Structure formats: structure tokens, C-alpha cells
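>>> heads up, no residue letters with this:
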């Protein structure tokens, strides 16, 4: 299909970014409410770990098939239906809160459905942006999209903590329902370039395996994805923030909202910086450096007992993570042909998106075994070790100088 300029409309990018802001904000608001409610019911770190595991399990099972479905159907339609499933979960959470359910298992059950919705929304949403802008504008558009994402991650937790402290969780979940519905409506009306998949006799399993094989055969993509996987998996300190807010720093639900917002504040500042002054040289080496800084910030947060210092460490954690996300996302999109975008995005989301929830489970489990502070510090040290190992395993990634050196 011809990529003529008339296919691209600037307003589609802005609408897409607006939709991402709304849905991400809803996820963050809901995350604060769920974390506080569950910990208030059970009072164990493992309970917070199960919040992540309940979402990870369906994401792990569904993300790769969802990538294949995204490659064979319109991403807009797949994402729209996924966002509606997320809104349904918010509606059920609202009902559980309205009827004052005080056992955790119904919340865990709904989180499984929520994870299934995320399993479809992640690959369909992340693969859509290259169809809304020409290739030469993709790095800047990704920085713009990342800015909206991080702005939502700033606003969402703070707003969630504020509403939870002042009102009732019913109000919080009602707002999330409305935001998910609005995001679905916006994406359903996007235009842009559309990809017509080639007819294939391959089975769904073979198509999914083809996406995994594509990633495995490209060291730049595999190295970038797997580096972030282990950094997020080991550095999942955010899962334990309710414990820090309640028991260590003693700052309450509003303080929890600020702690959740601090990494996003750092990410937002860095996303704005990258949008205005994008990386031009030493892309691969920069990625390794910022992941190492991410690990160091995690250790600093784990050891801190002073609220302002904890916020500062989380700010640095978010800023370094944003550089890594920007580099990884741009490399993946530039190195992936249209016919593989959904499946490659699914592999990336499986590694990165689902690992957030698996990292929460890992953090909750290690905190139950060793204590909260040792669990966070061990995770940060593990991240530094992964950086050193990955520099040896993926020298091709380390040698990437410019984004233009990578092609589909």
C-alpha cells in the first residue's frame, strides 16, 4: 500500500495520544485503589504480590495470540474491544466496593479478567502508532506519546490517592469506567494508514512462533527487550509502595499517591527532554547506562526512610526508565516490518508489560521471605548484575550508534 502523505492526519496522532492518556490514567488510578484495598484487607506483602500475579497469568497466556489477531485484523477494533473489557472490570470493582465486600478473592478474580483485557490492549495499542505517522516522524511521535503516558502515570496515582482518601472507592472505580470507555471510543474513530495482511495457510501457532523467531534472530531487538525484562522484574519496588506508605514512611493514602506519581514525574521530564532533544548518538551504550542507573535508584529507595529522599529516588528511577523505554520502543518499531508489528509488539509486551505484574509478584514474595527493605535492595543489585551480563551477551546492541543504523 502506498504511504502517501494524505494518508496521515496530524489530528489522529493527537487523538491517539489523548486516548492513551485517558486509559493509562485509569489504570494508575485503579492500581492505587486496588493496592490499598487489598492490603487493608489482608495486611501481608504476599497479598500485593498476588495482585500482580493475577494480572500476569492471563497476560502471559493471551498476549502472543493477541499479537497474531492484531496482525490479521484492524488494530483499532481489537484495542476498542479490549478497552471495553477493562471498563467492565472497573464496573465490577465498583459493585464490589458498593456492596462492601471485605474478602480479597473476588478482587483477585476480577484482576484475572483485567489482565486478559490488557493482554489484548497492549499489542494492539503499541503497534498502532506507526500506522498514524510517516516513518521519519516516528521517533518524535513516540516521544510525544511517551510524554502523554508518563503524564498520566503522574496524574493517575496522585488523583487516585486523593480521591480514595477523600471519598469512597466507588467514585474511584466509576471514574476509571468512564475513562476506559472514552479511550475506546476515540481509538474506534482513528484513520491513518491501514495494513492489509497477506493470505497465509500457516496455523495460528505457526504465526505466533514466527513472531517469536523474528525477535530471537535479531540481537538488537532481543537484547533491548530482555534487558528491560530483567530490570523491571528485579526492580519492581513499586509493588511494595503501599507497605512503604503505611508502615515505613507512614504517609497514608495521599502519600502513596505521591510515591506512585514520583517515578512518572521523572519519566515525564525525561520524555519532554527527549521530545525536544532526541538522542542522536551512542544509543546502545546509553541504554545500558540508564538501566544501571535504574538499579542504583532502586537501591537508594529501598534504603531510604526519609519521605523527600524516597520521592527523589523514585523520580530518578522513572527518568532513567523513560530513556530505556524510548530507546527500546524506537529500535523495535524501526526494525519491524508492517506484517510483523502485532506479533513483535506482543512479544515486547509479554516481556515488558507482563513482567511488571510478575515483578510485583517477585517483590511481594521476596518481601515475605526476607523483609520489605532487603527485597528492594536485592532487586536493585540484581539489576546491576544483569546490565554487566547483558553487555557481554549482546555486544551488537551496545554498538548501535544512531537509530538510523537499524532497519526493518
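On my side now, so go ahead. Quantities reported herein were computed from a predicted structural model and do not represent experimental measurements.

>>> Show me the longest helix that occurs in the chain.
In the chain, taking DSSP state H as the definition, the longest helix is helix 10-42.

>>> what's the following helix or strand after that one?
Note on helix 10-42: by DSSP states H and E, the next helix or strand toward the C-terminus is helix 45-72.

>>> got the angle for that next one vs helix 10-42?
150 degrees (axes from the mean of the first three to the mean of the last three CA atoms, to 10 degrees).

>>> Who are the packing partners of helix 45-72?
For helix 45-72, the packing partners by 3 or more CB pairs under 8 Å, 6 or more residues apart in numbering; DSSP states H and E come out as helix 10-42, helix 75-98, helix 105-126, helix 204-216, helix 241-243, helix 341-351, helix 353-370. C-beta here means a position set from N, CA and C on the backbone, and glycine is covered the same way.

>>> could you redo the last one with a cut-off of 7 Å?
With contacts defined as 3 or more CB pairs under 7 Å, 6 or more residues apart in numbering; DSSP states H and E, helix 45-72 has these neighbours: helix 10-42, helix 105-126, helix 204-216, helix 341-351, helix 353-370.

>>> just checking, what packs against the first one?
So the one you mean is helix 10-42. Contacts defined by 3+ CB pairs under 7 Å, 6+ apart place helix 10-42 against helix 45-72, helix 105-126, helix 138-166, helix 169-188, helix 241-243, helix 252-276.

>>> rewinding a little: can you give me the buried ones in the longest helix of the chain?
By neighbour count on 16 or more other CB atoms under 10 Å, the buried set for helix 10-42 is 12-13, 15-17, 19-39.

>>> Give me the mean pLDDT for it.
Mean pLDDT, computed over helix 10-42, is 87.

>>> Then stretch 158-171?
Averaged across stretch 158-171, pLDDT comes to 80.

>>> With stretch 124-137 instead?
Stretch 124-137 shows a mean pLDDT of 80.

>>> and the longest helix of the chain, how far from the chain's centre?
Taking CA atoms, centre = their mean, to the nearest Å, the mean C-alpha location of helix 10-42 is offset from the chain mean by 11 Å.

>>> Residue 364 contacts residue 42, doesn't it?
No. Residue 364 is not in contact with residue 42 according to CB atoms under 7 Å; the separation is 10.9 Å.

>>> and the next element down the chain from the helix or strand of the chain with the lowest mean pLDDT?
Lowest by mean pLDDT, DSSP states H and E among the helices and strands of the chain is helix 353-370, with a mean of 71. Toward the C-terminus, helix 353-370 is succeeded by helix 372-393 as the next helix or strand (DSSP H and E).

>>> Same question for that following helix: list its buried residues.
372-373, 375-384, 386-387, 390-391.

>>> Can you pick out the most distant pair from those residues?
Comparing every pair within those by CB to CB identifies 372 and 391 as the most remote, at 30.3 Å.

>>> Let me know how buried residue 104 is, in neighbour terms.
Here the number of neighbours of residue 104 (other CB atoms under 10 Å) works out to 19.

>>> Which phi and psi values does it adopt?
Dihedral pair for residue 104: phi -80, psi -30, per degrees, to the nearest 10.

>>> From what I see, it and residue 42 are in contact.
Yes. Proximity of residue 104 to residue 42 meets the contact threshold set by CB under 7 Å, at 5.5 Å.

>>> As a markdown table, the helices and strands packed on helix 45-72 with distance to residue 240 would be great.
Formatted as a markdown table, the helices and strands packed on helix 45-72 follow (distance: least, CB to CB, whole Å):
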| stretch | distance to residue 240 |
| --- | --- |
| helix 10-42 | 10 |
| helix 105-126 | 18 |
| helix 204-216 | 31 |
| helix 341-351 | 22 |
| helix 353-370 | 5 |
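
>>> Looking at the ones you listed, which is nearest to residue 301?
Among these, the nearest to residue 301 by CB to CB is helix 353-370 (12.0 Å).

>>> Now do the shared contacts for residue 104 and residue 42.
Counting by CB atoms under 7 Å, 6 or more residues apart in numbering, no residue touches both residue 104 and residue 42.

>>> Assign residue 101 to helix, strand or coil.
Under DSSP: H, G, I helix; E, B strand; the rest coil, the three-state class of residue 101 is coil.

>>> For residue 272, which non-adjacent residue is spatially closest?
residue 147 (5.7 Å; CB to CB, 6 or more residues apart in numbering).

>>> where does the one you found land on pLDDT?
With respect to pLDDT, residue 147 has a value of 74.

>>> who's in contact with it?
268, 271, 272, 275.

>>> What is the burial count for residue 285?
Neighbour count for residue 285, taken as other CB under 10 Å: 15.

>>> Can you tell me the element it falls in?
Counting by DSSP H and E, the secondary-structure element that holds residue 285 is helix 283-303.

>>> And that helix, what does it pack against?
Applying 3+ CB pairs under 7 Å, 6+ apart, we find helix 283-303 packed against helix 219-234, helix 307-334, helix 372-393, helix 395-399.

>>> Looking at the ones you listed, which is nearest to residue 287?
When the helices and strands packed on helix 283-303 are compared by CB to CB, helix 307-334 sits nearest residue 287, at 4.7 Å.

>>> Export the contacts of residue 147 to CSV and append columns for neighbour count, pLDDT and distance to residue 86.
As requested, the contacts of residue 147 are exported to CSV (neighbours: other CB atoms under 10 Å; pLDDT from 0 to 100; distance: CB to CB, whole Å):
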residue, neighbour count, pLDDT, distance to residue 86
268, 25, 79, 23
271, 27, 78, 23
272, 17, 80, 27
275, 18, 74, 27
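
>>> Would you reformat the residues you listed as JSON lines and include distance to residue 67?
Formatted as JSON lines, the contacts of residue 147 follow (distance: CB to CB, whole Å):
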{"residue": "268", "distance to residue 67": "28"}
{"residue": "271", "distance to residue 67": "25"}
{"residue": "272", "distance to residue 67": "30"}
{"residue": "275", "distance to residue 67": "27"}
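
>>> Quickly name whichever of those is closest to residue 71.
Out of those, the member with the shortest distance to residue 71 (by CB to CB) is residue 271, at 28.0 Å.
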